[in-house]
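> Sequence first, then the predicted structure:
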Amino acid sequence: MGKISIIICSYNEEKTICEVVKACCLNNAESEIIVVDDGSTDNSEVLLKQLPKKYNFSYIRLPENKGKSYAMVVGVENAHNEIILFIDADISNLKQDHFQKILKPIIENEADMVLGQPGETLINYHINPFKPLTGQRALLKKDILPILNEIRVTRFGVETYINLYYQAHGKRVEYVMLDGLSHPTKFEKTTPMKATKEFILEGNEIALTLLKNHDLITKRIECSFNKTNSSAKTRLQKIQSDINKKLQYLLDKFNI
C-alpha cells in the first residue's frame with residue numbers, strides 16, 4: 001500500500017510502542033511511518049532508538065508533553081503522503097489484516113474517514129458508546145489540513161472535533177471492526193485513582209470541545225435534514241441562532 005503515512009503518537013507507552021512500530025513497519029513496507037513522542041519521561045526514546053535499522057521510521061520527539069491533538073498535528077505536518085492513518089501506541093496484536101481493513105475504504109474511495117474499533121474490548125462493539133473516539137482512523141490529508149489549527153489545541157477532545165467536522169460537512173464515515181486487536185482501558189494501565197482523574201479530565205475536554213463547536217453540531221443536524229423543505233430549514237436556523245446566543249453567553253460568563 002503506497003502513498004500512506006502512518007502516524008503513531010505516544011506518551012509514556014514503553015511497554016507497547018516498539019511492538020506497534022514493528023507491526024506498522026513490517027506490514028507497510030512502502031508506507032511512511034512517523035512516531036511522534038509527546039515528551040515521554042519513560043524509556044520510550046531509548047527503546048525506539050535500539051530497534052534494528054530494518055524498521056524504517058521517522059522519530060520526532062517533542063521537548064515537553066503537549067497533548068494528543070498537538071502530537072497528531074505535528075505528525076500530519078511532517079507527513080508526505082495523501083492518506084493518513086493514525087495508530088495508537090498502546091494497542092496489542094496489530095496485524096496486516098487490520099491495516100487492510102481500515103485503509104481499503106479510503107483507497108477505493110468508499111469513505112472519507114474510516115474508524116477502526118479494536119475487537120478485544122470490555123464493551124461489545126455494537127453498543128460501545130466510545131466507538132467514535134477510537135484512535136485508529138484513516139483519512140485523506142487534504143481533508144484534515146484545513147482544520148489543523150483547530151485540532152492542535154483540543155487535546156483529548158480531538159476525536160470528537162474531527163468527528164463533528166466530518167459529519168457537519170457531509171463526509172462519508174465508516175466503522176470497521178478490527179478483530180483480535182486489543183486496546184487496554186486506563187484502569188488496566190494505571191492505578192484506579194489516576195485512571196479516574198484521567199477520565200474526568202478527558203471528559204471535561206470532550207465536553208468543552210462540544211461546547212465551543214456548537215455550530216458544527218447544528219451543521220451536522222442540518223446535513224441530516226438536507227431533503228427537508230425550506231420552512232423546516234428556517235425553523236432550524238432560528239433554533240441554531242438561539243442556541244448560539246445562549247452558548248456564547250455561557251462562554252463569556254465563564255471566560256472560556
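Looks like it came in fine.
> all helices for the stretch 51-200 of the chain, in order.
Secondary structure of the stretch 51-200 of the chain (DSSP state H, counting those that start in this stretch): helices located at 68-77, 96-107, 141-144, 148-152, 158-168, 186-189, 192-212.
> least reliable of the ones you listed going by mean pLDDT?
In terms of average pLDDT, helix 186-189 trails the rest of the helices of the stretch 51-200 of the chain, at a mean of 59.
> quick one: low-confidence parts of the stretch 1-150 of the chain?
1-2, 120-131 (pLDDT under 70).
> now the strands for it?
4-10, 32-37, 58-61, 83-88, 113-120, 136-140 (DSSP state E, counting those that start in this stretch).
> and the second one, what does it pack onto?
Counting contacts by 3 or more C-beta pairs under 8 Å, 6 or more residues apart in numbering; DSSP states H and E, the secondary-structure elements packed against strand 32-37 are strand 4-10, helix 17-27, helix 44-49, strand 58-61, helix 68-77. Where C-beta positions appear, they are placed from N, C-alpha and C, glycine not excepted.
> What pairs with it, parallel or antiparallel?
Note on strand 32-37: by DSSP bridges, its sheet partners are strand 4-10 (parallel), strand 58-61 (parallel).
> mind listing what L145 touches?
By C-beta atoms under 8 Å, 6 or more residues apart in numbering, the residues touching L145 are V76.
> just checking, K101 touches G180?
No. Using C-beta atoms under 8 Å, K101 is not in contact with G180, being 11.0 Å away.
> Those two: who's more crowded?
Set K101 next to G180 and count neighbours by other C-beta atoms under 10 Å: K101 wins out with 19 against 14.
> which residue sits closest to the more buried one, ignoring its sequence neighbours?
V176 (5.1 Å; C-beta to C-beta, 6 or more residues apart in numbering).
> In contact with S58, which residues?
S58 neighbours (C-beta under 8 Å, 6+ apart): E32, I33, I34, V35, N78.
> Of those residues, which is the most crowded?
V35 (25 neighbours).
> you'd agree it is up against I60?
Yes. With contacts counted by C-beta under 8 Å, V35 reaches I60, the gap being 6.9 Å.
> So which elements touch the strand ranked longest in the chain?
In the chain, assigned by DSSP state E, the strand with the most residues is strand 173-182. In terms of contacts (3+ C-beta pairs under 8 Å, 6+ apart), strand 173-182 is packed against helix 96-107, strand 113-120, helix 158-168.
> Give me the contact list for the longest one.
By that I understand helix 96-107. Counting by C-beta under 8 Å, 6+ apart, 1, 4, 24, 27-28, 83, 85, 110-114, 116, 136-140, 174, 176, 178-181 sit against helix 96-107.
> Just the pLDDT for T185.
On the pLDDT scale, T185 gets 63.
> Show me how far stretch 94-111 is from its chain's centre.
Computed by C-alpha atoms, centre = their mean, to the nearest Å, the chain-centroid distance of stretch 94-111 equals 16 Å.
> Domain ranges for the chain, per the record?
4-184, 186-256 (automatic domain parsing).
> hmm, back to that, among the contacts of helix 96-107, the buried ones, what's the ChimeraX command?
Selection of buried members from those for ChimeraX, criterion 16 or more other C-beta atoms under 10 Å:
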select :1,4,24,27,28,83,85,111,112,113,114,116,136,137,138,139,140,174,176,178,181
